[in-house]
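Participant: Provide a 3D model corresponding to the input given below.
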Amino acid sequence: MDKQLEKKRFTPKKIALYAGIGLFVLFILYVFVFSDKSRRFNQDKDRITISDVKQGKFQDYIPITGSVEPIQTFYLDLTDGGKVVQKFVQEGAILKAGDPIIKLDNPSISLQLMNTQSSFIYAESQSRQNRLTFEQNQLSKKSTLLDLDRNLLNQKRTYENNKILFEKKLVSQNDYETSKELYEYYVKSKDLTLAVLKNDSLTNIQLMATAEATLKKQQEYLKLVEMQLANLTVKAPISGQLTSLKAEIGQNIGGGYKLGQIDNTESFKIKADVDEHYINRVRAGLTGVYEFDGKNYTLEIKTVYPQVTDGKFQVELYFMGEAPKGIRRGQTVHIKLDLGGESDAILVEAGGFFQTTGGQYIYVLDQSGSFAVKRSIKIGRQNPQFYEVLSGLTPGEKVITSSYENFGDAEKIILK
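Facilitator: As a prediction, the model looks like this:
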């Protein structure tokens, strides 16, 4: 009797089929569960900049650009106009204080001066005549008083003698009374003359004071007119360079005309523009360094103009000590403005990444150097060379600091 064979459940075909299915499931699990699903960007390593994060001294400064200006500029504005009759110098000349520049002719001021001089001479003559008359009057009254004193002394003696003789019945009553009346007359005359002399003195003193005050005012007015005439010859008020002169011989110029300007070329200041981002940090007293001809010169901010125009505000800086020789008005200068000295910080080199990220994230290289991962960071202060890292990085790490413009929103940069 034949034995029935048991049918096998797992044939080689079935085993191969189940194995294939299992491998497919494992592949699906790896792809959807275990694989890296982050967004990637492939980048040629030679076309990016990789920098080291390091611990070091952070110097808080900003570069600013300014222009050289004279520390003092004097504008030549005419008070009185006239016709230009002489031109002593040309624009650009180096002048000393008091050097003539141009001469004007103004007939009305010349005529006014002549009239004022005549009035002053007449007033001065009248004052002198009044003083002489007063002195003569005083002398006359003093002479009269002197005569009265003499007559009074003689009459007093006569009166006193007649009084004694009258008491002895040696002179008549009429002679006695006549001598008495004449004596009393001289006494009253003297008192009256003294009163008149005193009153005249007070009156004449007041009149003379008024005359002197009037004469002084006329003299001041004369000096003013003389000054007006003298000012028709325009002179340099300060030593410096005549950087502008707008006048030609024969030209008629009115009062208030802006003739030109003189710059003090012995000392300079710098007027610079600063980005409005720093308006709360820039103040008077901050210092900066300017390199010229291989030497550093220190400047100090003296004035901050708070008005913002086109995203910038202006400051004025003065040289501390001697200014560099050879700089010229209008010359462009680059200054390293110190905002707070040096301090320890974690530093990352400045680069194009900041323009894209605003300092909110950076790509940090893996230890293998084959890829970089996006990481959030916080940036503090910055200067043209470094950014201060407040959090997110540690010294020794490597980061991509070149531009992220092509990276998009990639989470991982694969470096080739």
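Participant: so what's the residue count around residue 384?
Facilitator: Neighbour count for residue 384, taken as other CB atoms under 10 Å: 9. Placement of C-beta: from N, CA and C, glycine included.
Participant: give the helix, strand or coil label for it.
Facilitator: Going by DSSP: H, G, I helix; E, B strand; the rest coil, the secondary structure assigned to residue 384 is coil.
Participant: can you tell me which residues contact the residue most central in space within the chain?
Facilitator: By CA atoms, centre = their mean, the mean C-alpha position of the chain lies nearest to residue 303, the distance being 6.3 Å. Contacts for residue 303 (CB atoms under 8 Å, 6 or more residues apart in numbering) come out as 284, 315-316.
Participant: go with 10 Å
Facilitator: Counting by CB atoms under 10 Å, 6 or more residues apart in numbering, residue 303 makes contact with 269, 271, 284, 314-318.
Participant: what of residue 398?
Facilitator: Residues near residue 398 by CB under 10 Å, 6+ apart: 50-53, 363-367, 369, 372.
Participant: quick check: the closest residue to it other than its chain neighbours vs residue 224, distance?
Facilitator: The shortest distance from residue 398 to any residue other than its chain neighbours is 4.2 Å, reached at residue 365 (CB to CB, 6 or more residues apart in numbering). With distances defined as CB to CB, to the nearest Å, the gap from residue 365 to residue 224 amounts to 83 Å.
Participant: tell me which of these two has more neighbours.
Facilitator: Neighbour totals were compared for residue 365 and residue 224, and residue 365 leads with 18 against 11 (other CB under 10 Å).
Participant: ramachandran coordinates for the more buried one?
Facilitator: Residue 365 has phi and psi values of phi -70, psi 140 when expressed as degrees, to the nearest 10.
Participant: per-residue confidence for it?
Facilitator: We have a pLDDT of 94 for residue 365.
Participant: pretty sure it is touching residue 399, no?
Facilitator: Yes - when contacts are counted by CB atoms under 10 Å, residue 365 is listed as touching residue 399 (6.8 Å).
Participant: shared neighbours, those two?
Facilitator: With contacts defined as CB under 10 Å, 6+ apart, the residues shared by residue 365 and residue 399 are 50, 372.
Participant: which residues in the stretch 1-150 of the chain form helices?
Facilitator: Listed in chain order, the helices of the stretch 1-150 of the chain (DSSP state H, counting those that start in this stretch) span 12-29, 107-167.
Participant: need those helices in TSV (columns: mean pLDDT).
Facilitator: Written out in TSV, the entries for these read as follows (pLDDT from 0 to 100):
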stretch	mean pLDDT
helix 12-29	65
helix 107-167	83
